[in-house]
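Asker: What shape does this take:
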Amino acid sequence: MPDLEPDTVSALEAPEFAPAQFVRWFRDVAPYVHAFRGKTFVVAFGGELVQAGALNTLVQDLSLLSSLGIRLVLVHGSRPQVNEQLRLKGFTQQFDRGLSPTDAAALECAKEAAGEIRLDIEAAFSQGLPNTPMSHAHIRVISGNFVTARPTGVLDGVDYKHTGQVRKIDIDALKFAIEKGSSVVLLSPLGFSPTGDAFNLAMEDLATSVAVALRAEKLIFLSSSQGVLNDDGTLDTELARVDADALLAGGELDEETHAFLQYASLAVKRGVARAHLLPFALDGSVLLEIFTHDGVGTMVVEDTLDDLRAATIDDVGAILSLIEPLEADGTLVPRPRSVIERDVENFTVLEHDGVIYGCAALHTFADEQMAEMACLIVHPEWQGSGEGEILLRHMESRARATGAKRLFVLTTRTSHWFIKRGFVQGGVADLPREKQNNYNRSRNSMVFIKKL
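Answerer: Residues are numbered from 1 along each chain as shown. Modelled structure (predicted):
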């Protein structure tokens, strides 16, 4: 093993290092790695991120995503850098958020600022420092004339000159670039017309247009904003698009959050699977948003991702992975794979962002107007937020739909949980006759029944 620097310490030797915790975390992120390999993420950030000195850490995290097989398109902004160029050259014009005219002098400043930032990003991706996430990284950054722009023109009597909007994205060339090995495509907020004229573009508009054109899995905006906050000041981690639109119409959001949320909602409406608003001030926010259940920002989706659906044969493996630890400690009766496959239509699963983290099964006994709820499981990492109750309410609704008047469970470990939710203890004699005949007396499971 190579010698460490005198003032450094191996992660394995650090007092806070917990091997079991590390292994557990690594296993927990595996489903996300599998789900996102080969998918396209568009990551967009303003010049404020560069100004705040957060570029290198972001590039290290993006390098990690690229190494995991995620295809990346980066779109940068340059508003503060353009304003600084204008100030240094003695011009009074300053760009604010929103649509502003771009004259010839401002366009030259925009070109200079975009060139400087592009070089900074390329340099950051060229790092290969030992003992950093960039060690042994060989990531090519590809830029080009992928964007055709058109002039904004004259609006309400104002000539916007060299301010433009996206007209067309060269999708074939863009796809070819991001599918070639470990290449990252970098787009500056400039576009060109077929006549060769350059136009100053809004970073948010460009990123949204690219994400929509590519049918990206994710559009990620990094900003100084924390995200969308609830009335009590807590972060709203997931918004259905209709709810996002309602917030935008309410006019109570700050200017920056409103702008990013507006484009996030538009992207989702036009086919992007998920759009995220993340704070760049939080180190590792991109990784935390992608590889943890709740994330650290606000995600906009067409509908909420935490949803219930009927299980399919493709879910058998995930259901078994939820069941097996509880079978091992005796909480559940062992069920071979063949039984799960046979009864899979009885299962409902909880799924978040493509990961199944909860399940329950319903077995009906029509003659006695009763139903049994079995295998009610929520992954330990995602317990504590009411997911068990969501499954319970859903199963109660399913049982009522079959004509059942009573719902029962058999349990050896979780009696108090069911008592708190309206179940009362019964006996084996209260079970349907078929269930009585199959009752495993060696387990001596307690019977709890709830009237529906």
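Asker: which residues does the residue lying closest to residue 330 once chain neighbours are set aside contact?
Answerer: Take residue 330 and drop its neighbours on the chain: the residue closest to it by Cβ to Cβ, 6 or more residues apart in numbering is residue 412, 7.2 Å away. All C-beta spots, glycine's among them, are computed from the backbone N, C-alpha and C. Residue 412 sits next to 330-331, 443-446 when contact means Cβ atoms under 8 Å, 6 or more residues apart in numbering.
Asker: Ramachandran coordinates for residue 153?
Answerer: Note on residue 153: its backbone torsions stand at phi 90, psi -150 [degrees, to the nearest 10].
Asker: Tell me, please, where in the stretch 201-350 of the chain the pLDDT is lower than the cut-off.
Answerer: 303-306 (pLDDT under 70).
Asker: What ranges does it have for its strands?
Answerer: Remark: strands assigned in the stretch 201-350 of the chain by DSSP state E, counting those that start in this stretch are 218-223, 238-240, 274-279, 298-301, 307-310, 347-352.
Asker: and the ones you listed as CSV, adding mean neighbour count?
Answerer: Listed next are the strands of the stretch 201-350 of the chain as CSV, based on neighbours: other Cβ atoms under 10 Å:
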stretch, mean neighbour count
strand 218-223, 26
strand 238-240, 20
strand 274-279, 25
strand 298-301, 25
strand 307-310, 14
strand 347-352, 20
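Asker: So in terms of bridging, what pairs with residue 150?
Answerer: residue 165 (DSSP bridges).
Asker: Relative to residue 242, how far out is it?
Answerer: Going from residue 150 to residue 242 by Cβ to Cβ, to the nearest Å gives 31 Å.
Asker: likewise residue 414?
Answerer: Distance from residue 414 to residue 242, by Cβ to Cβ: 36 Å.
Asker: Which one of those two is surrounded by more residues?
Answerer: residue 414 (14 against 11; other Cβ atoms under 10 Å).
Asker: tell me the phi and psi of that one?
Answerer: The phi/psi pair for residue 414 (degrees, to the nearest 10) is phi -120, psi 40.
Asker: For the helix or strand encompassing residue 121, buried residues please.
Answerer: Taking DSSP states H and E as the definition, one finds residue 121 inside helix 104-125. Across helix 104-125, burial judged by 16 or more other Cβ atoms under 10 Å covers 106-111, 113-114, 117-118, 121-122, 124-125.
Asker: Check stretch 261-274 too.
Answerer: Buried residues in stretch 261-274, counted by 16+ other Cβ under 10 Å: 261-269, 272-274.
Asker: and what of stretch 310-320?
Answerer: Neighbour-count burial for stretch 310-320 [16+ other Cβ under 10 Å]: 311, 315-316, 318-320.
Asker: Pick out whichever of those residues sits closest to residue 382.
Answerer: residue 318 (13.3 Å; Cβ to Cβ).
Asker: Need the nearest residue in space to that closest one, chain neighbours excluded.
Answerer: Of all residues not flanking residue 318 in the chain, residue 356 sits nearest, at 4.0 Å (Cβ to Cβ, 6+ apart).
Asker: Provide the partner residues of the one you found in its beta bridges.
Answerer: Counting by DSSP bridges, the residues bridging with residue 356 are residue 351.
Asker: mind listing the helices for the stretch 51-200 of the chain?
Answerer: 55-67, 79-88, 104-125, 171-178 (DSSP state H, counting those that start in this stretch).
Asker: Same question for the stretch 301-450 of the chain.
Answerer: Using DSSP H, counting those that start in this stretch, helices in the stretch 301-450 of the chain cover 316-328, 337-343, 387-401, 415-419, 433-438.
Asker: okay, those helices, which one's buried deepest?
Answerer: Compared across those, helix 387-401 shows the largest average neighbour count, a mean of 17 (mean count of other Cβ atoms under 10 Å).
Asker: Pull the distance from it to the chain's centre.
Answerer: The chain centre lies 27 Å from the centre of helix 387-401; the measure is Cα atoms, centre = their mean, to the nearest Å.
Asker: Ok, stretch 353-365 next?
Answerer: Using Cα atoms, centre = their mean, the offset of stretch 353-365 from its chain centre is 22 Å.
Asker: pull the CA atoms of it into CSV?
Answerer: Provided in CSV are the C-alpha atoms of stretch 353-365 (Å, rounded to 0.1, in the frame of the first residue of the first chain):
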residue,chain,number,x,y,z
ASP,A,353,-38.4,6.4,-8.7
GLY,A,354,-38.4,2.9,-10.1
VAL,A,355,-37.4,1.3,-6.8
ILE,A,356,-39.9,-1.0,-4.9
TYR,A,357,-39.7,-0.4,-1.2
GLY,A,358,-42.9,-1.8,0.2
CYS,A,359,-45.5,-4.4,-0.5
ALA,A,360,-48.6,-6.1,0.9
ALA,A,361,-50.8,-9.0,-0.2
LEU,A,362,-54.6,-9.5,0.0
HIS,A,363,-56.3,-12.9,0.1
THR,A,364,-60.1,-13.0,0.1
PHE,A,365,-62.5,-15.5,1.6
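Asker: Find the nearest non-adjacent residue to the most centrally placed residue in the chain, please.
Answerer: Note on the chain: the residue nearest the mean C-alpha position is residue 290, at 4.8 Å, using Cα atoms, centre = their mean. Nearest residue to residue 290, sequence neighbours excluded (Cβ to Cβ, 6+ apart): residue 32, at 6.3 Å.
Asker: OK, contacts around that neighbour?
Answerer: The contact partners of residue 32, by Cβ under 8 Å, 6+ apart, come to 290-291, 353, 355.
Asker: I'd like to know which of those residues is nearest to residue 72.
Answerer: residue 290 (11.9 Å).
Asker: What does residue 295 show for phi and psi?
Answerer: According to degrees, to the nearest 10, residue 295 has phi 70, psi -170.
Asker: Report the separation between it and residue 344.
Answerer: Per Cβ to Cβ, residue 295 is found 30 Å from residue 344.
Asker: Next: residue 442.
Answerer: Taking Cβ to Cβ as the measure, residue 442 falls 27 Å from residue 344.
Asker: The two: which is more packed in?
Answerer: Higher neighbour count among residue 442 and residue 344: residue 344, with 18 against 6, using other Cβ under 10 Å.
Asker: Nearest spatial neighbour of the more buried one, chain-adjacent residues omitted?
Answerer: residue 311 is the one closest to residue 344 (Cβ to Cβ, 6+ apart), at 5.2 Å.
Asker: care to break the chain down by domain?
Answerer: Domains of the chain are assigned by automatic domain parsing as 31-301, 307-451.
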